[in-house]
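Novice: okay, here's the prediction I keep looking at, along with the sequence it came from:
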Amino acid sequence: MNTAQLRRVTAESFAHYRPGLIELLLDAVGQGWSLGFKADLDAAQARSYFDEVLSDVEQGNLLLWVVVRDEQVQASVQLALCQKLDGRHRAQVQKLLVQQQAQRHGLGQQLMTALEQGARQHQRGLLHLDIQAGAPAEAFYRAQGYTRVGEIPDYTSGPNDDYHSTAIYFKSLHGASV
């Protein structure tokens, strides 16, 4: 079996990874993750979502990484680069996804390291994210050096229309060769 390989997805390589990204998203929503989709998410809706992702990648507004094993997408993460004139120093971490059978093997850490390097290359020294409050991933982000700044009650509705509070985190890369 081949080892996992980290790759940056470009507009040119997007088509190669698209089927795996769709499967990854369907897997995550199927696990009940609150990602902005409902439980009835199907492949057509996921394809439509990834049309938007491709457009953002093409425009340079979004950076995307995957980890593949035997050319199968195991994990991915996105970094949305703020385009506002007063926000060109910040970016939002989005949709860190890991296939259920590939979890707890360091893929998330590998992706976050690449994401932070990408943020630095694009002069983004402030990263932020939101996550379902109380989710196991909170411990992961704290271990990555992210600081929890608060919680918004009933901010999001999960795949089954149940409301969840959202925790807000940030990490400053300033002083770390931004």
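Specialist: Thanks, I have the structure now. Numbering: from 1, shown residues only.
Novice: enumerate the positions of the worst-scoring helix or strand of the chain on mean pLDDT that are buried.
Specialist: For the chain, scoring each helix and strand by mean pLDDT, DSSP states H and E identifies strand 147-157 as the least confident one, at a mean of 92. For strand 147-157, burial by neighbour count (16 or more other Cβ atoms under 10 Å) applies to Tyr155, Thr156. C-beta here means a position set from N, CA and C on the backbone, and glycine is covered the same way.
Novice: same question, stretch 81-92
Specialist: Buried, per 16+ other Cβ under 10 Å, within stretch 81-92: Leu81, Cys82, Arg90, Ala91, Gln92.
Novice: residues contacting the residue nearest to the fourth one when sequence neighbours are not counted?
Specialist: Nearest residue to Ala91, sequence neighbours excluded (Cβ to Cβ, 6 or more residues apart in numbering): Arg124, at 4.1 Å. The contact partners of Arg124, taken as Cβ atoms under 8 Å, 6 or more residues apart in numbering, are Leu79, Leu81, Cys82, Arg88, His89, Arg90, Ala91, Leu173, Val178.
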